[in-house]
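Engineer: Turn this into a structure:
(one chain, ligands or ions: 1)
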Amino acid sequence: MELPGAVASALPAAVAAETTEPSLQTQAQPGAASSSPMSQHLYILTGASRGLGLAMARELLQPGNQLLCLSRKTQDELQQQAEAAEVVLEQWSQDLSLAGEAAIRLESWLTALPRQPLESVTLINNAGMIPHIGPLDALPVNDLAQAIRVGIEAPMQLTAAFLRGTADWPIARKVLNISSGLGRKPLAAQAAYCAVKAGMDHFTRCVALEQVLLPHGARICALAPGVVDTDMQVQMRSADEFPDRERFAQLKAEGKLTSPEDAARRILAYLARPDFGDQPIADVRD
Ligand SMILES: NC(=O)c1ccc[n+]([C@@H]2O[C@H](COP(=O)([O-])OP(=O)(O)OC[C@H]3O[C@@H](n4cnc5c(N)ncnc54)[C@H](OP(=O)(O)O)[C@@H]3O)[C@@H](O)[C@H]2O)c1
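Structural biologist: Predicted structure coming up:
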């Protein structure tokens, strides 16, 4: 549904600028190609190059959606799928350990978006990493710094940029943080990852309290996706200094991991629920 004139005129000047060009195309980076006049839902997704993020990106490449993906690597396959489905896709090669740089880039991009018939805008903070698995005092300094930057600084900076950049948009605004059961349950040899995810949960709670005070606040949720069959699980099963390694190996051997495709569908179904954000902390298995 096109924004009514009165509502559209409340948008920031750059967003409200008259244009017939789809915004992602007008700002296309090399590699971005296709466009659709039907776009209604804009998604910004981090970590779309593989694993769960790639599965979510594939699922989101449907008419009516526009997608901006951020990770270090871009995916030719996603670009091809977008072109075939006539969906607007833009991919940024962005190292999220440079979290401030990524946030400034995102906010400028949002602020400059021309008017378009959007119904919702969503940020999905999915990118994450597990540093060297082992006791905290065995973690290389740079590895620990990288895990904190990608896992907690980037989601916080991007959420802040998203909230600022869309503050006046009179449409549904959502932030979905992909958390983990390990943010809620401590494990030996995973101090950095557990702390990052616990921090993600808690900043989500705080932002939910802030946004609920606003007349048109965003809805935000930190969602645990279950145990998903990705590179991250391979890393857990192959870690030498991990007391729980066998348990994770057993989950795989017994076929108890969720496929990235199933997990992506469940997460996106959760995101689409009318009560999304009522509970700032959730688990897709609940
Ligand atoms: N797999 C599970 O069982 C599980 C369970 C609970 C929660 N999670 C959470 O689910 C999310 C996705 O995990 P996954 O299993 O799909 O992991 P994955 O297969 O290892 O993929 C991680 C994604 O994050 C991106 N990323 C990592 N470092 C980055 C950086 N410096 N800059 C930009 N992007 C970066 C990667 O892209 P590039 O390498 O191209 O940069 C990749 O797309 C994570 O937040 C993870 O903590 C996973």
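
Engineer: And the contacts of the helix or strand hosting Leu52?
Structural biologist: Secondary structure assignment for Leu52, by DSSP states H and E: helix 51-60. The contact list for helix 51-60, computed with C-beta atoms under 8 Å, 6 or more residues apart in numbering, reads 43, 45-48, 67, 69, 71, 75, 78, 81, 124, 126-127, 178, 225, 228, 230-232, 259-261, 263-265, 267-268. The C-beta positions use only the backbone N, C-alpha and C, and glycine is treated the same way.

Engineer: For Thr204, list the residues it contacts.
Structural biologist: Val175, Asn177, Ser179, Ile220, Cys221, Ala222, Pro280, Ile281.

Engineer: roughly how far apart are the closest residue to it other than its chain neighbours and the ligand?
Structural biologist: Distances taken as C-beta to C-beta, 6 or more residues apart in numbering place Ala222 nearest to Thr204, at 3.9 Å, with adjacent residues excluded. For Ala222, the distance to the ligand (C-beta to the nearest ligand atom, to the nearest Å) stands at 10 Å.

Engineer: list the buried ones in the helix or strand where Ala222 lies?
Structural biologist: Ala222 belongs to strand 219-224 when elements are defined using DSSP H and E. Buried residues in strand 219-224, counted by 16 or more other C-beta atoms under 10 Å: Arg219, Ile220, Cys221, Ala222, Leu223, Ala224.

Engineer: ok, the residues you listed vs Ile104, which is closest?
Structural biologist: If you rank the buried residues of strand 219-224 by distance to Ile104 using C-beta to C-beta, Ile220 comes first, at 21.0 Å.

Engineer: Leaving out sequence neighbours, find the closest residue to that closest one.
Structural biologist: Closest to Ile220 by C-beta to C-beta, 6+ apart is Val175, at 4.2 Å.

Engineer: hang on, the one you found packs against Asn126?
Structural biologist: No - in this structure, Val175 is not within contact of Asn126 by C-beta atoms under 8 Å, at 11.6 Å.

Engineer: residues in the stretch 151-286 of the chain within reach of the ligand, list them.
Structural biologist: Ile178, Ser180, Pro225, Val227, Val228, Thr230, Asp231, Met232, Gln233 (C-beta under 6 Å from any ligand atom).

Engineer: who does the first one bridge with?
Structural biologist: Read it as Ile178. Leu223 (DSSP bridges).

Engineer: how near is it to Arg184?
Structural biologist: 14 Å (C-beta to C-beta, to the nearest Å).

Engineer: quick one: which of the two has more around it?
Structural biologist: More crowded of Ile178 and Arg184, by other C-beta atoms under 10 Å: Ile178, with 26 against 15.

Engineer: before we move on, the earlier item: got a pLDDT number for the residue nearest to Thr204?
Structural biologist: What the model reports as pLDDT for Ala222 is 99.
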